[in-house]
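>>> attaching a predicted model along with its sequence, questions to come.
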Amino acid sequence: MPNHLSIPFKKTYSCPILIATRDYIRDHTEDHPDAYIRDINQWKASRDIGTGGVLHADRINLALKYHAQLVFILAKLPPDINLEFSYAHAFAPSPSSLPVTMRSIAFERASVLFNIAALYSQLAASEDRSSQDGLKRASAYYQNAAGVFAFLSESALPKLGPFVDSENTPSDLNEHLVKSLEWLMLAQSQECVWQRAVADHYKNSLIAKLAAKVSSLYNTSLLSIRLAAVDSRDALPSNWIPHLEAKHYHFSAASQYRKSVDELEASRYGDEIRRLMIAEADAKKAFNIAKRAGVAQAVISDVKSLLDVLQKNLSRAERDNDLIYHQNVPAPSGIPAIQEVSMVQSIIPPGLRDTKSVIGDDSIIFAEMLGWGAREAINIYNNNNKGNLLQEKIVEPAQNFNDETDKILQSLNLPSSLEALERPIGLPPSLLKKAEEIRLEQGPTKIDVYLDDVQRLSRHVLGILDEAMDILDSEASEDEAARREMPMNRPPSHEANQELVMKQQRYRTILTQAAESDELVRRKWEEWEDQISELTRREDELEALVPSSTVSMTGKAVSTSQTQIHARTLRGLLESLDDIRRTRDDLVVRAQRRAEGDDIRPKILAAAANLEPGIEMSAVMFEDVSDNELAKYDKFIQGLTEGRKKQEEILSSIKSTNDVFIQSRKEDPAVKDREQALQFLDLAYSHYREIIRNLDEGLKFYNDMAGILTNFKEACKIWSSARSREARLLHRNLASLSISDNASDESHEVSTASLLRRGTQKKTAGIPTLSSADWEAQELAPPPTKRTDKTKHR
């Protein structure tokens, strides 16, 4: 057996690249899948020959090419395109071990890198190290293997974070384990250098320094692996860690031995003896560890050979010193430490960083496709940034400013008190316009239809949520039935589906709050239905409802000249306020038109073209482009701000002028009756608009919620189906388990328990985790809190 360790390949399995990629392109891009048939087939062909598993030097370039293509693919597609990749653990105890399955191209890339490093290590281990050329090639291969592990650690492992959790972890891709393998490759490369130095009869002092570095590198590998997760350490062969320990002590002893020869040549006989004593102690440790743990026989033989030499030399040195030299033997701390000399480093193959150079004449897969980061940036701008800015900074503030104005004018009984004075008979034009609007819209009928639609949608979305819970209840019943038939080492349904149930509860709370808001809107309609219906009357019928105030009850004139002056001032201020409202409404319309024609795509494409080819794009790379485009709306926001400032000044003037107007008016009951009647009708119109706005918001809320809950229901189906498949797998495995006639009951129990533990791993059964994007539905903010009847309900 060899005295070096090589890294086994991660075995992979076929995956439906064609189906998953076509589906993703069809559902998430503007392109047609048929436009990329050649690229998809090229991906599949590259994967077949580039994922490792064959020990041959020619496979290095094929694997590097496939990795390069994966880098370009990840620049065009997100890591998760609903395509599952399955890889067995590199150190799996048997070929039948269940693989780890992840929906992540990043997982595929990390596994390919691992296999490239494994290939380099196996090529190194297969070299004939009895020749100088073989040692050179082995050392170079080991350094390349270390470089690939270093690249894997810095470039690929961080990208796995979003797809890994405690129940879905490829333990052979643990960061500490990968670093340990990197140090191991460097240790074995340095050992090749040491072996060449010994064969070429270099000075003992230099050989000692080289051996010291070998020992140090093995120890660093050992320390790193001890930092790895327990499941990563436990997955290694039982003699792996003892091998590292034995090698560490072996080369510590070898270093001290070579330095002792150097001490002998310099006539430092006491130092020679101390170094031989330290070397003997380390060699004994190495031999005992290797012998006890079943380390490779070649390692044991190497250590035993060194130990024999050490014991022979120590005996000779002590005898000579006792008889001839009589030098003091210093304490272990009294001799200088051996300086380490490193002749190796982690060499990253150029093709890993310069991906374009390694592809050569082959075409880049999906070269013509727009990168997913750029697509995401366009979608975020169109669906979120632009829409949110338009709604939150322009539309909603404009509506709030208008509502604020209406509320203040209603509290001042304006313009009703002014119109009652200006038009002592008949109806004000503003009221006639509002009544005509309600008549044309068939207001009462429209509200009744909207109320029925909101109630129907409310029942519909609640039904979807109930159906989702029925799915979970059905799975729980199946789980209980399965547990009655056989033992199952997995969480029961009420524990496993806890996060789904909690999400359902949050959705149900949101729907309960929405139903309460719906009831407030309904009660408001019942309260104002008669008054709003009055506004649908003909003009003559409506005029008959409003009393005239031509002459007071005492026969005096309705108003004095002073009152008329204040009334004209008020009218001018109200007209200025109307001008501000019209300007504001025009700003909103212009902003909405700008948004409708706003297309950020050309600018994103230009920015993407300036990025380095093959770089993995993300939406955050285009934030500057998005910010520059959103700056086009600053003038509308500024216009609203200026309009509000003017509005506040005019409202302040209206309040003070209205106080003087009221004081100057005579207390005429007829005028007051007319004012109250006009104000009541104006208030009825305001409530009509508010009810319509509430119902529009309610319809939008329930339509959005229906889509979200449909996704949640589908997530429950996926999760329940995965649990059912897992249960069936456990049942089949248990049924097929056969025990030989002479097997003991104890071994039967152990085998069964082991099988159950293997069968219940979520990561191998492909069950989506509860924190995974596999099932996570879009969150919806709770409906706004309930307000009084002069505010919005939703």
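Nice, I can see it.

>>> for residue 619, what are its contacts?
Residues near residue 619 by CB atoms under 8 Å, 6 or more residues apart in numbering: 373, 376, 377, 380. C-betas here are computed from N, CA, C, even on glycine.

>>> same thing with residue 17?
Taking CB under 8 Å, 6+ apart, we find residue 17 in contact with 40, 43, 44, 47, 83.

>>> swap in residue 198?
residue 207.

>>> give me that answer again for 10 Å
Residue 198 is in contact with 204, 207, 210, 211, 254, 258, counting by CB atoms under 10 Å, 6 or more residues apart in numbering.

>>> ok, residue 131 next?
Taking CB under 10 Å, 6+ apart, we find residue 131 in contact with 137, 196, 199.

>>> returning to what we had before: any chance of the contacts of residue 17 in TSV, plus distance to residue 705, pLDDT and secondary structure?
Formatted as TSV, the contacts of residue 17 follow (distance: CB to CB, whole Å; pLDDT from 0 to 100; DSSP: H, G, I helix; E, B strand; the rest coil):
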residue	distance to residue 705	pLDDT	secondary structure
40	37	95	helix
43	39	96	helix
44	40	95	helix
47	41	95	helix
83	30	94	coil
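
>>> nearest to residue 171 among those residues?
Set against residue 171, the nearest of the contacts of residue 17 by CB to CB is residue 83 (22.2 Å).

>>> how many neighbours does the closest one have?
Counted by other CB atoms under 10 Å, the residues lying close to residue 83 total 21.

>>> residue 200 now?
9.

>>> how about it, nearest residue that isn't a chain neighbour?
Spatial nearest neighbour of residue 200, chain neighbours left out: residue 132 (7.8 Å); criterion: CB to CB, 6 or more residues apart in numbering.

>>> touching, that neighbour and residue 193? I think so.
No - in this structure, residue 132 is not within contact of residue 193 by CB atoms under 10 Å, at 11.3 Å.

>>> more crowded one of those two?
Counted by other CB under 10 Å, residue 132 and residue 193 do not tie: residue 193 has more neighbours, with 20 against 12.

>>> ok, that one - contacts?
Shown in contact with residue 193 (CB under 10 Å, 6+ apart): 135, 136, 139, 142, 210, 213, 214, 341, 342, 343, 344.

>>> do the same with residue 344
For residue 344, the contacting residues are 139-140, 142-143, 146, 185-193, 213-214, 217, by CB under 10 Å, 6+ apart.

>>> tell me where the stretch 1-150 of the chain has helices.
Secondary structure of the stretch 1-150 of the chain (DSSP state H, counting those that start in this stretch): helices at 17-28, 37-50, 59-76, 105-125, 132-151.

>>> how many neighbours does residue 430 have?
As a burial measure, residue 430 scores 16 neighbours (other CB under 10 Å).

>>> got the contact list for the residue nearest to residue 200?
Residue 132 sits next to 195, 196, 199, 200 when contact means CB under 10 Å, 6+ apart.

>>> pLDDT, distance to residue 451 and secondary structure for the residues you listed - can I get that in a markdown table?
Listed next are the contacts of residue 132 as a markdown table, based on pLDDT from 0 to 100; distance: CB to CB, whole Å; DSSP: H, G, I helix; E, B strand; the rest coil:
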| residue | pLDDT | distance to residue 451 | secondary structure |
| --- | --- | --- | --- |
| 195 | 96 | 88 | helix |
| 196 | 96 | 89 | helix |
| 199 | 94 | 94 | helix |
| 200 | 94 | 95 | coil |
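
>>> filter those down to the buried ones and express that as a ChimeraX selection.
Selection command for ChimeraX covering only the buried members of those, criterion 16 or more other CB atoms under 10 Å:
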select :195,196
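
>>> quick one: which of the contacts of residue 132 is nearest residue 91?
residue 195 (26.6 Å).

>>> so who does the closest one touch?
Taking CB under 10 Å, 6+ apart, we find residue 195 in contact with 129, 130, 132, 134, 135, 138, 139, 207, 210, 214.

>>> show me which of these are buried.
Buried, going by 16+ other CB under 10 Å: 129, 134, 135, 138, 139, 207, 210, 214, out of the contacts of residue 195.
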